[in-house]
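# Just to be clear, the model below is a prediction. Sequence and coordinates:
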Amino acid sequence: MKRILFLLPYFNLAGTETHVIELIKALKDEYEILVTAPRGKGIPILERNNIPYREIPYLGFFNVREYKKRLREVINEFKPSLIHIHGAHELIFIAKKTFPDIPVIFTCHGYPSTFISLNYSLSAFFSRWADKVICVSNYDKEILIRKGLSRDKIVVVHNGISESTEWKNLPVKVDGFIIGTIARLTKTKGIEYLINAFYDIAKKYNHVRLVIIGDGEERKSLENLVKKLNIKDKVYFLGNIPGARDYIKNFQIFVLPSLFEPFGLVILEAFSAEVPVIATKVGGIPEIIRGGVDGILVPPKDINALSTAIVTLIEKEGLRYELAQNGYEKFINEFTSTKMAKRTRAVYEEILSSSSK
């Protein structure tokens with residue numbers, strides 16, 4: 001059985017880790033797989049899914065030698081047929097220079113808005129050492145090409161997830177019509193615009209509530225905004241919840257108000273839960289949602305447009321149902337983990353076939 005080493009710079013509870021876990025679950029009967037990453041909050045999920053794991057230190061300026069030493073030990077022990085790197089372009093160079101004969105695939109999951117141009121430039125530069133680069137959206141692909149990476153080196157494999165049946169009640173009691181979101185509480189997720197849009201809605205609809213699942217550096221600022229708007233009794237900050245997608249069924253509407261989003265994996269989670277989605281028309285999101293067909297797209301930072309879209313779905317139950325059904329169909333037809341794994345497997349076999357010649 002061929003061996004695939006998944007190499008990551010971190011392993012927490014965000015989109016990259018969700019992608020990796022979904023991919024491995026769909027591939028582990030066909031390949032022997034090992035995940036190598038620093039210990040983080042997502043490691044217990046690997047353990048629950050019986051996915052083999054080896055700890056490696058975080059890579060920093062002052063421990064490159066120690067990092068390479070530990071990576072060499074892991075690779076010599078596991079003897080992978082292929083190394084699949086996620087989320088850190090600099091690891092391509094380290095892996096390829098340490099073991100030049102082992103093929104390397106890099107998946108670009110996009111970058112946060114801070115230093116975005118520099119990050120994509122560095123990604124395009126380091127990706128020259130990869131045998132193949134997978135982008136999770138055409139949006140990311142075109143940026144890397146503009147930054148100088150050969151079009152022939154890139155293949156797009158959209159994210160996919162498995163269908164969940166483990167729906168759970170929210171950990172706190174929330175009565176009324178629930179608008180919900182799941183996101184890291186950072187500037188780039190645009191939660192402040194959702195809160196301001198909700199303020200307008202809360203004045204008109206007394207029974208509507210906003211539930212925010214996730215945590216981050218903006219949480220205190222967002223909580224202060226809620227207090228300032230005097231809607232504290234209608235907005236619930238639930239923090240990080242393991243298996244957050246299992247709570248989406250509690251929402252009547254799911255909103256992702258991002259200012260930048262390379263793909264938007266959480267939209268697939270809402271699709272799979274048959275919950276109608278409103279999202280911003282940024283990054284790779286239009287590759288998932290056809291506006292007015294399987295979701296509603298609004299411009300980023302546009303509080304009025306977001307408020308209008310939410311009101312439309314509050315008042316039109318039939319439209320909510322139609323969008324939810326179309327979104328679920330879109331998920332089943334295009335965005336399951338099985339389809340993602342099939343496309344990734346084709347990349348693996350192409351590279352492994354070439355390297356064996």
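It's in.
# hey, let's count contacts and neighbours off CA atoms from now on
Will do.
# can you map out the helices along this structure?
Ranges of helices within the chain are 15-27, 43-48, 64-78, 90-98, 116-126, 138-146, 191-204, 219-228, 265-272, 303-315, 317-334, 337-355, based on DSSP state H.
# list the buried ones in the shortest one?
By neighbour count with 16 or more other CA atoms under 10 Å, helix 43-48 contains the buried residues 43, 45-46.
# Which stretch among the helices of the chain is buried most, on average?
helix 265-272 (a mean of 26; mean count of other CA atoms under 10 Å).
# Residues contacting it from elsewhere in the structure, which ones?
15, 159-161, 163-164, 182, 245, 248, 254, 256, 276-277, 288, 324, 327-328, 330-332, 335 (CA atoms under 8 Å, 6 or more residues apart in numbering).
# try it again with 6 Å
327-328 (CA atoms under 6 Å, 6 or more residues apart in numbering).
# One more: stretch 11-26?
So stretch 11-26 is contacted by 40-42, 161, 341 (CA under 6 Å, 6+ apart).
# residues near P100, how many?
12 (other CA atoms under 10 Å).
# now swap in P57 and tell me
So P57, with other CA under 10 Å, has 18 neighbours.
# same check, this time on the one 5 residues further on
Look at F62: counted by other CA under 10 Å, it has 8 neighbours.
# Export the helix or strand of the chain with the lowest mean pLDDT to PDB, keeping only CA atoms.
Sorting the helices and strands of the chain by mean pLDDT, DSSP states H and E puts helix 43-48 at the bottom, at a mean of 88. Extracted as PDB, the C-alpha positions of helix 43-48 are listed here (Å, rounded to 0.1, in the frame of the first residue of the first chain):
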ATOM      1  CA  ILE A  43      -5.200  16.700  17.400                       C
ATOM      2  CA  PRO A  44      -8.000  15.000  19.500                       C
ATOM      3  CA  ILE A  45     -10.100  14.800  16.300                       C
ATOM      4  CA  LEU A  46      -7.300  12.800  14.600                       C
ATOM      5  CA  GLU A  47      -7.300  10.500  17.600                       C
ATOM      6  CA  ARG A  48     -11.100  10.000  17.600                       C
END
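# How far away from the center of its chain is that helix?
Its chain's C-alpha centre lies 18 Å from the corresponding centre of helix 43-48 when counted by CA atoms, centre = their mean, to the nearest Å.
# circling back: need the helices of the chain in TSV with distance to G110, can you?
Below are these laid out as TSV (distance: least, CA to CA, whole Å):
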stretch	distance to G110
helix 15-27	9
helix 43-48	22
helix 64-78	24
helix 90-98	14
helix 116-126	8
helix 138-146	6
helix 191-204	20
helix 219-228	23
helix 265-272	12
helix 303-315	25
helix 317-334	20
helix 337-355	17
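# still on that earlier bit, and which of the buried residues of helix 43-48 is nearest N196?
I45 (34.7 Å; CA to CA).
# how is this protein carved up into domains?
For the chain, automatic domain parsing gives the domain ranges 3-162+336-355, 177-334.
# Lowest average pLDDT across those?
Lowest mean pLDDT of these: domain 3-162+336-355, a mean of 93.
# Buried ones in stretch 174-181, by neighbour count?
174, 177-181.
# Narrow these to those in strands?
If you go by DSSP state E, the buried residues of stretch 174-181 have 177-181 in strands.
# ok so, going back, return the member of the buried residues of helix 43-48 nearest to L27.
The nearest one, if we look at the buried residues of helix 43-48 relative to L27 and count by CA to CA, is L46, at 14.1 Å.
# chain center to stretch 344-355: distance?
With CA atoms, centre = their mean, you get 24 Å for stretch 344-355.
# likewise stretch 189-197?
The answer for stretch 189-197 is 19 Å, by CA atoms, centre = their mean.
# S121 and L149 touch, don't they?
No. Using CA atoms under 6 Å, S121 is not in contact with L149, being 9.1 Å away.
# now V20: how far from Q325?
According to CA to CA, to the nearest Å, V20 and Q325 sit 27 Å apart.
# Sorry, slip of the keys, the one I care about is V347.
Distance of V347 to Q325, computed by CA to CA: 32 Å.
# any idea how far I182 is from V35?
For I182 relative to V35 (CA to CA), the value is 26 Å.
# With neighbour numbers in mind, choose between these two.
The residue with more neighbours, out of I182 and V35, is I182; 27 against 24, by other CA under 10 Å.
# I'd say the more buried one and D215 touch.
No. At 9.3 Å, I182 does not count as touching D215 under the criterion of CA under 6 Å.
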